[in-house]
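In: Could you work out the structure for the sequence below:
(one chain, ligands or ions: 1)
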Amino acid sequence: MAQDELDTQVGKHWQVDEIDIKNLVYFPAAPLSAPRQAMEDCTVADLHSPAGTCLLVNLWKLHRDPNIWSNPLEFQPERFLKEGASLDVRGKDFEYVPFGSGRRICPGISLALQVLHLTLVRLLHGFEMGI
Ligand code: HEM
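Out: The predicted structure is shown next:
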């Protein structure tokens with residue numbers, strides 16, 4: 001199915017470039033953070049969590065907050081060349097944490113940033129896969 005989409009939207013020329021991205025479905029790799037447990041009673045943004053509460057950060061929602069992002073539902077990679085250009089992806093700027101933050105931050109971040117997208121698209125485009 002993913003291969004059909006790539007064949008239709010990108011073609012069979014095996015070369016994906018920036019202009020193709022707008023035609024591909026946009027889903028985050030990790031919509032929620034890893035679970036955390038409140039070690040003591042805490043209140044964040046009027047939400048009280050007693051000690052022991054399991055907490056997950058809704059990264060999908062955070063990354064679509066209209067108070068932070070203009071047209072948040074539109075896939076606009078160029079926003080990271082403009083208003084988002086100075087954002088750190090390694091968990092320091094809490095409005096943009098695609099790899100999480102803190103002790104449980106994604107340990108694959110360096111690998112992902114270098115090779116994951118190219119590897120995945122090449123695999124999907126070139127091979128029949130099923131589960
Ligand atoms: C675009 C690619 C990726 C994205 C967006 C991503 C995102 C994330 C996020 C949001 C978390 C939760 C972090 C938190 O809760 O603070 C996570 C955890 C994790 N990621 Fe990734 N990840 C990616 C690629 C990878 C790769 C390539 C690896 C391994 C080679 C990897 C291994 C892990 C592991 C083991 C955890 C769990 C860490 C823990 O529970 O302490 N990830 N990732």
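
In: Look at V97 and say how many residues are nearby.
Out: For V97, the number of neighbouring residues by other C-beta atoms under 10 Å comes to 23. All C-beta atoms are positioned from the backbone trio N, CA, C, and that covers glycine.

In: mind listing what's buried in the longest helix seen in the chain?
Out: In the chain, taking DSSP state H as the definition, the longest helix is helix 117-126. Using 16 or more other C-beta atoms under 10 Å as the test for burial, helix 117-126 gives 121, 124-125.

In: Any part of that helix near the ligand?
Out: No - on the criterion C-beta under 6 Å from any ligand atom, helix 117-126 is out of touch with the ligand, staying 7.1 Å away.

In: Just give me how far that helix sits from the chain centre.
Out: 17 Å (C-alpha atoms, centre = their mean, to the nearest Å).

In: cool, and stretch 109-120?
Out: With C-alpha atoms, centre = their mean, you get 13 Å for stretch 109-120.

In: List the contacts of it.
Out: With contact meaning C-beta atoms under 8 Å, 6 or more residues apart in numbering, stretch 109-120 is reached by 89-90, 99, 106, 108.

In: Inside helices: which ones of those?
Out: Among the contacts of stretch 109-120, none falls in helices (DSSP H).
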